[in-house]
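Peer 1: Pasting the sequence and the predicted model now:
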Amino acid sequence: MTKKPTIAVIGAGKWGQALHFALSQKQETLITSRTPRDIKNFTDLQTALNCDYLIIAIPAQQLKSWLKENFVFKNQKVLVASKGIEASTGEFLNEIYADYVPSSNIGFISGPSFAAEVIQGLPCALVLNSTSKKLYQEFKPFFPSFIKTYYSTDVIGAEVAGAYKNVLAIASGICEGLNLGKNAQASLISRGLVEMQRFGKNFGAKKSSFIGLSGAGDLFLTASSPMSRNYRVGLGLAKDKKLDEILEELGEVAEGVKTSEAIYKLSKEYNIYTPIANEVKLILEGKSPQDSLKDLLNS
Ligand SMILES: NC(=O)C1=CN([C@@H]2O[C@H](COP(=O)(O)OP(=O)(O)OC[C@H]3O[C@@H](n4cnc5c(N)ncnc54)[C@H](O)[C@@H]3O)[C@@H](O)[C@H]2O)C=CC1
Ligand SMILES: O=C(CO)COP(=O)(O)O
């Protein structure tokens, strides 16, 4: 008799728990995190790492050190659930993972997916991005009927879109917080989409990823709802709150904060025009949102 494949989620934050709930609909799914949690099928890290299939939902800025300290490759198949760019080095997550997992064994989840809705079993559509279609075909049956999965080979497109939309969500939250109106917000979001596509093109991303679920889909979701943590960061900044205070109140990760630094660094290095992301970075460092608005309108 063939052994049933084993599967585990690593990281029990909001997204890890929602994915654990979703995958547990069809098969036993383990979950682990740094601190023990009262969740069904919670296990220790080593047991999780011994599973055949892993879904890793650790914030982007913690990933590099987490992999170095904990990860041992045992031919596991990995789906990355994080959305961000490493700020200290400007590395994309697929570049960081490349030191640990071969490309045939790794995929990246993208698309509009608030954890709070997924954990209620509400319908959603996700893209699994991998150079290996076989990997997609192996993971697809694990997903429950309320999640429709699509396949794409555009790993870098999915990564850029998922990371960039968090920065644009901060900008959109600022726009809402300043009461600039729906015209301004729609302009910001659509110019943001152009900007993220321009940025992605530089790294080889496909245009089609930006007009699909990974780009427009996730951007429209995150940049239009206070359910987004990044959007709420923007709302706070518009009300002149200090970043530390906003993040403490949030109590969860807002990837756009650090990702704006990474985009700033990369856009300087590769000479890419990224005006909205640059202004977000400057506002996070203390520039007044009103001054940023003037600069964006006149650039
Ligand atoms: N919440 C959501 O709706 C979605 C989140 N994501 C992405 O998933 C990633 C995780 O987000 P959430 O789970 O929502 O964040 P969260 O703030 O709810 O939880 C983060 C989790 O990471 C763990 N963690 C933090 N530092 C760690 C370290 N050094 N080593 C090990 N574990 C560590 C924390 O203990 C916590 O369990 C982010 O990149 C986010 O952008 C993607 C899609 C949807
Ligand atoms: O990525 C997300 C939805 O697709 C979650 O966005 P926030 O991290 O801004 O809440």
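Peer 2: Perfect, I can see it now. A quick note: this is a predicted structure, and the numbers were derived from the prediction, not measured. Ligands and ions are numbered 1, 2, ... in the order given.
Peer 1: switch to C-alpha atoms for all contacts and neighbour counts from now on
Peer 2: Noted.
Peer 1: ok, which stretches of the stretch 1-150 of the chain are helices?
Peer 2: Assigned by DSSP state H, counting those that start in this stretch, the helices in the stretch 1-150 of the chain fall at 14-23, 45-49, 60-70, 93-97, 115-118, 133-139.
Peer 1: First-to-last residue distance for stretch 43-56?
Peer 2: With C-alpha to C-alpha, to the nearest Å as the measure, the ends of stretch 43-56 fall 14 Å from one another.
Peer 1: Ok, stretch 117-125 next?
Peer 2: First-to-last residue span, stretch 117-125, C-alpha to C-alpha: 12 Å.
Peer 1: in it, what's buried?
Peer 2: In terms of neighbour count (16 or more other C-alpha atoms under 10 Å), stretch 117-125 has its buried residues at Val118, Ile119, Gly121, Cys124, Ala125.
Peer 1: Please apply the same query to stretch 273-280.
Peer 2: Neighbour-count burial for stretch 273-280 flags Thr274, Pro275, Ile276, Ala277, Asn278, Glu279, Val280 (criterion: 16+ other C-alpha under 10 Å).
Peer 1: same thing with stretch 214-234?
Peer 2: 214-226, 228-234.
Peer 1: repeat for stretch 194-209
Peer 2: Under the neighbour-count criterion of 16+ other C-alpha under 10 Å, stretch 194-209 has Val194, Glu195, Met196, Gln197, Arg198, Phe199, Gly200, Lys201, Ala205, Lys206, Lys207, Ser209 buried.
Peer 1: neighbours around Ser187, how many?
Peer 2: As a burial measure, the neighbour count of Ser187 was computed by other C-alpha atoms under 10 Å and equals 12.
Peer 1: so which helix or strand takes in it?
Peer 2: Assigned by DSSP states H and E, Ser187 falls within helix 182-202.
Peer 1: From the contact counts, what lies against that helix?
Peer 2: Judged by 3 or more C-alpha pairs under 8 Å, 6 or more residues apart in numbering; DSSP states H and E, helix 182-202 is in contact with helix 155-177, helix 207-211, helix 218-222, helix 275-284.
Peer 1: Repeat the analysis, applying 10 Å as the threshold.
Peer 2: Contacts defined by 3 or more C-alpha pairs under 10 Å, 6 or more residues apart in numbering; DSSP states H and E place helix 182-202 against helix 155-177, helix 207-211, helix 218-222, helix 256-270, helix 275-284.
Peer 1: Let's have these in CSV, adding mean pLDDT and distance to Trp15.
Peer 2: Converted to CSV, those look like this (pLDDT from 0 to 100; distance: least, C-alpha to C-alpha, whole Å):
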stretch, mean pLDDT, distance to Trp15
helix 155-177, 98, 14
helix 207-211, 97, 22
helix 218-222, 98, 14
helix 256-270, 98, 16
helix 275-284, 98, 24
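Peer 1: for these, which one ends up most surrounded?
Peer 2: When these are scored by mean count of other C-alpha atoms under 10 Å, the highest mean neighbour count falls to helix 155-177 (a mean of 28).
Peer 1: relative orientation of it and helix 60-70 in degrees?
Peer 2: For helix 155-177 against helix 60-70, the angle by axes from the mean of the first three to the mean of the last three C-alpha atoms, to 10 degrees is 140 degrees.
Peer 1: Between the buried residues of stretch 273-280, which sits nearest Ile147?
Peer 2: When the buried residues of stretch 273-280 are ranked by distance to Ile147 (C-alpha to C-alpha), Ala277 comes first, at 30.9 Å.
Peer 1: For the closest one, give its distance to ligand 1.
Peer 2: 17 Å (C-alpha to the nearest ligand atom, to the nearest Å).
Peer 1: Go ahead and confirm that residue touches Ile170.
Peer 2: Yes: Ala277 is in contact with Ile170 according to C-alpha atoms under 10 Å; the separation is 9.3 Å.
Peer 1: Leaving aside the residues adjacent along the chain, what's closest to Lys140?
Peer 2: Thr149 (6.8 Å; C-alpha to C-alpha, 6 or more residues apart in numbering).
Peer 1: Of the buried residues of stretch 194-209, which is the nearest to Glu255?
Peer 2: The shortest separation between Glu255 and any of the buried residues of stretch 194-209 is 15.6 Å, and it belongs to Met196 (by C-alpha to C-alpha).
Peer 1: Report the contact partners of the nearest residue to that closest one once chain neighbours are set aside.
Peer 2: For Met196, ignoring the flanking residues on the chain, the nearest one in space by C-alpha to C-alpha, 6+ apart is Tyr164 at 6.2 Å. Going by C-alpha atoms under 10 Å, 6 or more residues apart in numbering, Tyr164 touches 83-85, 158, 192-193, 195-197, 199-200, 215, 218-219, 255-256, 259-260, 262-263, 277.
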